[in-house]
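Engineer: missing the sequence, but the structure's below:
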């Protein structure tokens, strides 16, 4: 008998009766893969409360959180693990996803019920060897090398662990579907059953996910909508620092980050990331200055490095690492129009040292001063930190949490802070001079 097949997009889940080079739904190229049509209808797990209930009649209760013992990890989770939550951790191969969850399981294994680590990629012996390298000695950490979802669920229901890790979701399959592990239908169905298990039993579950070559999580986008929390591991292979960032969190803020350093003994928490990012900062060099960015409730001081040099191309380059290239182009236009610096024939390179990434506009003034410093070859006082958003008219606008940023700068030994004028309340931080500016021209005059 001829087996019926369907072509499924591996990015968004769109299905077609014939192969298409470009997906009509997500516009991805070469993403449609042939899959056999399932014979058995998979079960549809879900959450049911028995009927509609008035909002005013629902009894609210404080969320009980389980602390993992890794403070940076707990910060990103919103204070700890919530019972029955489903947490997705993604990142590039070798960045430290399995290392982090194994270190967290080492601490959580001492909690009631212990911990269960399910691996579909490594054998129990391989995990034990990696655990020995990380100095893991948890006696109640159970290891299971299994790919079958039905066997994994049966083991969880039998052992009733306090927390579960599934590494990775792309290797798990269910017998209810005939498609191969890692396909859209398999990932969606396995994640749905794990979600139903977590909500029904109250056991928090971590699932580790692979990423594609463009940095997004492999599998359908619905996977990110199904889980409670999505965490991304960021970092450059050339730097030992790793940043854990919350992209989605139903139980906490999505602005928090956790900073780790990859060492031989595993991931080590960085309790003061500002000091670490500024550890190798050069002094007496033009184009270098420090800005204070907010990551959730934490101020983070990082170094901006700019290099302006004559171009040999018809169109000058605007290259950035760690900041938005379009934002740099906008600020360069402000410098040319409002200040009179001629940068149309210059290549401009801007880098955030240490592998950090800045997305908030409070670094605008720092980017402008770094470019101007390199172009004019004038050194900015190394004990100066710069804050401020810049508008198209060249004005310097207010920023959020200025006092927290200034206090962090003073704690690290900075003696001067350039910030927008007209703050809603007076900032009183001993040991640091506040230089208030209203425009880019005024900032250049006072700093240079």
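Structural biologist: Sure thing, it's come through. The shown structure was predicted, so the numbers you read here are calculated from the model rather than taken from an experiment. Numbers count the residues shown, from 1 in each chain.
Engineer: residue ranges for the helices of the stretch 51-200 of the chain, please.
Structural biologist: Here the stretch 51-200 of the chain has its helices, by DSSP state H, counting those that start in this stretch, at 71-77, 97-108, 124-133, 149-159, 184-201.
Engineer: buried ones in the fourth one?
Structural biologist: It stands for helix 149-159. Neighbour-count burial for helix 149-159, counted by 16 or more other CB atoms under 10 Å, picks out 149, 152-153, 155-156. From N, CA and C alone the C-beta is placed, and that goes for glycine too.
Engineer: With distance to residue 446 added, can I get those in a markdown table?
Structural biologist: Converted to a markdown table, the buried residues of helix 149-159 look like this (distance: CB to CB, whole Å):
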| residue | distance to residue 446 |
| --- | --- |
| 149 | 63 |
| 152 | 63 |
| 153 | 65 |
| 155 | 66 |
| 156 | 62 |
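Engineer: Which one of those residues is nearest to residue 229?
Structural biologist: residue 156 (19.2 Å; CB to CB).
Engineer: can you pull the contacts of the closest one?
Structural biologist: Each residue near residue 156 by CB atoms under 8 Å, 6 or more residues apart in numbering is listed here: 116, 164, 197, 201, 203.
Engineer: neighbour-wise, which of these leads?
Structural biologist: Each of the contacts of residue 156 was scored for neighbours by other CB atoms under 10 Å, and residue 164 scores highest at 27 neighbours.
Engineer: Touching, it and residue 114? I think so.
Structural biologist: No. Applying CB atoms under 8 Å, one finds residue 164 not in contact with residue 114, separated by 10.4 Å.
Engineer: for the stretch 101-250 of the chain, what are the low-confidence residue spans?
Structural biologist: Regions of the stretch 101-250 of the chain meeting the criterion pLDDT under 70 cover residues 212-221, 237-238.
Engineer: For the closest residue to residue 252 other than its chain neighbours, give me phi and psi.
Structural biologist: The shortest distance from residue 252 to any non-neighbouring residue, by CB to CB, 6 or more residues apart in numbering, is to residue 78 (1.9 Å). Per-residue torsions, residue 78: phi 100, psi 20 (degrees, to the nearest 10).
Engineer: ok, back up a step: tell me the one among the contacts of residue 156 nearest to residue 301.
Structural biologist: Nearest member of the contacts of residue 156 to residue 301, counting by CB to CB, is residue 164, at 38.0 Å.
Engineer: which residues sit in contact with the residue lying closest to residue 24 once chain neighbours are set aside?
Structural biologist: Taking CB to CB, 6+ apart as the measure, residue 24 lies nearest to residue 14, with 6.7 Å between them; neighbours along the chain are not counted. Residues near residue 14 by CB under 8 Å, 6+ apart: 8, 23-26, 32.
Engineer: per-residue confidence at residue 14?
Structural biologist: pLDDT for residue 14: 83.
Engineer: how does the chain divide into domains?
Structural biologist: Domain assignment of the chain by automatic domain parsing yields the ranges 5-36, 65-271, 276-447.
Engineer: circling back: Throw the helices of the stretch 51-200 of the chain into a markdown table and include distance to residue 403, thanks.
Structural biologist: As requested, those are exported to a markdown table (distance: least, CB to CB, whole Å):
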| stretch | distance to residue 403 |
| --- | --- |
| helix 71-77 | 21 |
| helix 97-108 | 33 |
| helix 124-133 | 44 |
| helix 149-159 | 48 |
| helix 184-201 | 40 |
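Engineer: Please identify which of the ones you listed is closest to residue 308.
Structural biologist: helix 71-77 (36.1 Å).
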